[in-house]
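S.K.: Sharing a model prediction with you, sequence too.
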Amino acid sequence: MYEVSELRKGLKIEIDGAPYEITDFTFAKPGKGQAIYRCKLRNLVTGSTQDKTYRSGDKVDQPSLAQRDLIYSYQDAEHYVFMEKETYEQIMVEAAALKDQHYFLIEDMEVKVLFFNDKAIEVSLPNFIEKRIVETEPGVRGDTATNVSKPAKLDNGYEIAVPIFINEGDVIRIDTRDGSYNGRVNS
Amino acid sequence: MAALIPDRPMRGGCAADCAPLAPFANVLQARHRLLQAIRAYFCARDYLEVETPVRIPRPALEDHIDAEPSGDCWLRTSPELHMKRLLASGYPRLFQLGPCFRKGERGARHHPEYSMLEWYRAGADYQDILEETRELVRHVAQAVIGTTQLPGTNGPINVSGEWPLLSVREAFVRYAGWDPVTECDPQRFDLDLMDRVEPALPMDRPTVLIDYPAYLGALARRKPDAPELAERWELYLDGLEIANAYSELIDPVEQRARFKACAEGRAARGQEVYGVDEAFLSALEHMPSAGGIALGVDRLLMVLTGRRDLDDVLPFRND
């Protein structure tokens, strides 16, 4: 259990059996009155958001969360399979926990997987990965403007906006946190 | 003067943590000006500047104010009880500037350690204190920023004009749709005060919420002709609660009963229950009728400089 006075931005809590992260937090209190703790919450499983207000004296449940360092192995029909580095234990993660992150998985990649009551709910990839562009309109020679973009595709079908000068076959760096183009990798 | 406070923070000195605070070179200089102006105001009016203990064995019992422990004592949440003991021993005009501490209070408008100005005047009531507060705010605005127009976040706030008084009852009936004087609901009161009443207060001038329900009177006396009300007001500047004033309760029997009720409430809510300050209660028997007030110095500096975040006016931001 957390005391309300322990609440802060970034803390993970549990409400009615679901895990939430506090994404925004404000403390308010009339001088002689009771403290009010206003939280914006994000459900760690569904991603939905909601507001919640606590008062002084309230108690807040602490979720059973564990983070493990795992290695990505391969994809089978419905799951992504990860491996524990030391024990070689195989761990199946449902596609839903990965959301769009599955486009950026690379074999043998080290990831952090968050478990809630032993079920994987969130996979954190390295912030940047490198991928090859397999499909895009030809680039314009000499045009190095980065503020004009065009669509491009990765080998797994992921569509990404890239600058005009990127060509098929180029390797680019992608920010996995928002899936955006970050730069061309010199090759 | 120039040599006293360097414009640029000194390398390695405490001012290195000091952010700029327009129109001043930095936070330290702004605070210096404000403290000087406050002292000048009270010294010109024959007030005695006092210091009372910061580390105390028994903090004042309040429903929702928690003290920070300090060894086998507590850090004061207000110097109120000690200043009233001085009033009772014959000093009629007292003021104090200094730190107060409140456990768990941290936000854009709260810091667990902050600077409080309190003053007490024998023979005065809350209306007299209001008149003095008007003069003080005008004086410090003129002295610190050179004008009585504060740079409010929604446009200037003129502190030299009228200060409208709004009774708590009227404010709640108008903005929250219920009468907290006839309906005793402290929990709903706090929520509606923050969500409905405070946001509706006029922002272009100071606003005074006055005459609280007696059950929210804390250490204020009841209104002689309307005992369901307490002689208490709160000043709002730029939507921010700046000061809380009372006609002080000087009846030791009623004060003891209020402390007892407060202690029971705190125990029921699982809060720390502080011992009753018997020295204060004995002093009350000799205390003259008086008005008194607590004013947040950091918040006053926020409204003088048009800031919305307390951190902007603190000399150090190290927590």
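M.R.: Done, it's in. All of these numbers come straight from a predicted model, not from anything done at the bench.
S.K.: What is the lowest-mean-pLDDT helix or strand in chain A packed up against?
M.R.: Lowest on mean pLDDT, DSSP states H and E among the helices and strands of chain A sits helix A:95-98, with a mean of 85. Helices and strands touching helix A:95-98, by 3 or more C-beta pairs under 8 Å, 6 or more residues apart in numbering or on different chains; DSSP states H and E, are strand A:79-84, strand A:119-124. To be clear about C-beta, it is placed using only N, CA and C from the backbone, and glycine gets the same treatment.
S.K.: check contacts around the closest residue to chain A within the stretch 151-300 of chain B.
M.R.: Nearest residue of the stretch 151-300 of chain B to chain A (C-beta to the nearest C-beta) works out as B:D190 at 3.7 Å. Shown in contact with B:D190 (C-beta atoms under 8 Å, 6 or more residues apart in numbering or on different chains): A:30, A:33-34, A:36.
S.K.: switch to 10 Å and redo it
M.R.: B:D190 makes contacts with A:28-30, A:32-36, A:55-56, B:64, B:216, as judged by C-beta atoms under 10 Å, 6 or more residues apart in numbering or on different chains.
S.K.: Extract the residue ranges of the chain that are flagged as low pLDDT.
M.R.: In the absence of a named chain, this looks at chain A. Residues of chain A that meet the criterion pLDDT under 70 lie in A:140-146, A:187.
S.K.: think we crossed wires, I meant chain B
M.R.: B:1-18, B:317-319.
S.K.: can you give me the helices in it?
M.R.: In chain B, the helices defined using DSSP state H lie at B:27-43, B:80-88, B:126-145, B:168-175, B:186-192, B:198-200, B:252-268, B:278-284, B:297-304.
S.K.: Quick one: closest of the ones you listed to B:H111.
M.R.: Among the helices of chain B, helix B:297-304 comes nearest to B:H111, with 7.1 Å by C-beta to C-beta.
S.K.: now, of the helices of chain B, which is deepest in the fold?
M.R.: By mean neighbour count, with neighbours taken as mean count of other C-beta atoms under 10 Å in any protein chain shown, helix B:297-304 ranks first of the helices of chain B at a mean of 24.
S.K.: Can you name every helix or strand that that one contacts?
M.R.: Here helix B:297-304 touches helix B:27-43, strand B:93-101, strand B:113-122, helix B:126-145, strand B:149-150, strand B:226-237, strand B:240-247, going by 3 or more C-beta pairs under 10 Å, 6 or more residues apart in numbering or on different chains; DSSP states H and E.
S.K.: In a markdown table: the ones you listed, plus distance to chain A.
M.R.: Below are the helices and strands packed on helix B:297-304 laid out as a markdown table (distance: least, C-beta to the nearest C-beta, whole Å):
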| stretch | distance to chain A |
| --- | --- |
| helix B:27-43 | 19 |
| strand B:93-101 | 11 |
| strand B:113-122 | 11 |
| helix B:126-145 | 15 |
| strand B:149-150 | 20 |
| strand B:226-237 | 7 |
| strand B:240-247 | 5 |
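S.K.: Need those in a markdown table (columns: distance to A:D118).
M.R.: Listed next are these as a markdown table, based on distance: least, C-beta to C-beta, whole Å:
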| stretch | distance to A:D118 |
| --- | --- |
| helix B:27-43 | 50 |
| strand B:93-101 | 43 |
| strand B:113-122 | 43 |
| helix B:126-145 | 60 |
| strand B:149-150 | 57 |
| strand B:226-237 | 52 |
| strand B:240-247 | 47 |
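S.K.: Quickly list what the residue in chain A positioned nearest to chain B is bridged to.
M.R.: Distances between chain A and chain B by C-beta to the nearest C-beta are smallest at A:F27, namely 3.2 Å. Beta bridges link A:F27 to A:Y37 when assigned by DSSP bridges.
S.K.: Quick check: closest non-adjacent residue to the one residue in the stretch 1-150 of chain B that gets nearest to chain A.
M.R.: Residue nearest to chain A within the stretch 1-150 of chain B (C-beta to the nearest C-beta): B:G107, separated by 3.2 Å. Sequence neighbours aside, A:F27 is the residue nearest to B:G107 in space, at 3.2 Å (criterion: C-beta to C-beta, 6 or more residues apart in numbering or on different chains).
S.K.: do the same with A:K153
M.R.: Of all residues not flanking A:K153 in the chain, A:E135 sits nearest, at 4.1 Å (C-beta to C-beta, 6+ apart).
S.K.: Are we agreed that that neighbour is in a strand?
M.R.: Yes: the assignment for A:E135 (DSSP: H, G, I helix; E, B strand; the rest coil) places it in a strand.
S.K.: quick one, what contacts it?
M.R.: A:E135 makes contact with A:151-155, A:157, A:159, A:168, according to C-beta under 10 Å, 6+ apart.
S.K.: which among those end up buried?
M.R.: For the contacts of A:E135, a burial check counting by 16 or more other C-beta atoms under 10 Å in any protein chain shown picks out A:152, A:154.
S.K.: Quick one: mark the members of the contacts of A:E135 that sit in strands.
M.R.: A:151-154, A:159 (DSSP state E).
S.K.: Show me the two of these that sit farthest apart.
M.R.: Farthest-apart pair in these is A:P151 and A:L154; separation 11.4 Å (C-beta to C-beta).
S.K.: any common contacting residues for the two?
M.R.: Residues touching both A:P151 and A:L154 (C-beta under 10 Å, 6+ apart): A:135, A:160.
S.K.: So what sits opposite A:V111 in the bridge?
M.R.: A:L70.
S.K.: So which residues on the stretch 201-319 of chain B come close to chain A?
M.R.: Listed as neighbours of chain A in the stretch 201-319 of chain B under the rule C-beta under 10 Å from any C-beta of the partner chain: B:212, B:216-219, B:232, B:234, B:241-244, B:268-271, B:294, B:296.
S.K.: which one is the residue in chain A sticking out farthest from the centre nearest to, not counting chain neighbours?
M.R.: Distance from the C-alpha centroid of chain A, by C-alpha atoms, centre = their mean, peaks at A:K32 (41.7 Å). Spatially, and ignoring its direct neighbours in sequence, A:K32 is nearest to B:A218 (5.7 Å; C-beta to C-beta, 6+ apart).
S.K.: For the helices of chain B, give me JSON lines that also has distance to B:G98.
M.R.: Output for the helices of chain B, formatted as JSON lines (distance: least, C-beta to C-beta, whole Å):
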{"stretch": "helix B:27-43", "distance to B:G98": "11"}
{"stretch": "helix B:80-88", "distance to B:G98": "11"}
{"stretch": "helix B:126-145", "distance to B:G98": "17"}
{"stretch": "helix B:168-175", "distance to B:G98": "29"}
{"stretch": "helix B:186-192", "distance to B:G98": "27"}
{"stretch": "helix B:198-200", "distance to B:G98": "27"}
{"stretch": "helix B:252-268", "distance to B:G98": "24"}
{"stretch": "helix B:278-284", "distance to B:G98": "18"}
{"stretch": "helix B:297-304", "distance to B:G98": "9"}
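S.K.: Which of the ones you listed sits closest to A:I22?
M.R.: Of all the helices of chain B, the one in closest proximity to A:I22, counting by C-beta to C-beta, is helix B:186-192 (20.0 Å).
S.K.: May I have stretch A:155-163 as CSV, with CA atoms only?
M.R.: Output in CSV follows, covering the C-alpha atoms of stretch A:155-163 (Å, rounded to 0.1, in the frame of the first residue of the first chain):
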residue,chain,number,x,y,z
ASP,A,155,10.8,-5.1,-44.9
ASN,A,156,8.1,-5.9,-42.4
GLY,A,157,5.6,-3.5,-43.9
TYR,A,158,6.0,-0.7,-41.4
GLU,A,159,5.3,2.7,-43.0
ILE,A,160,7.5,5.6,-42.0
ALA,A,161,7.9,9.2,-43.2
VAL,A,162,11.5,9.9,-44.3
PRO,A,163,13.2,12.9,-45.9
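S.K.: which residues touch it?
M.R.: A:100, A:102-105, A:131-136, A:139, A:143-154, A:166, A:170, A:172, A:174, A:179-181, A:183-184.
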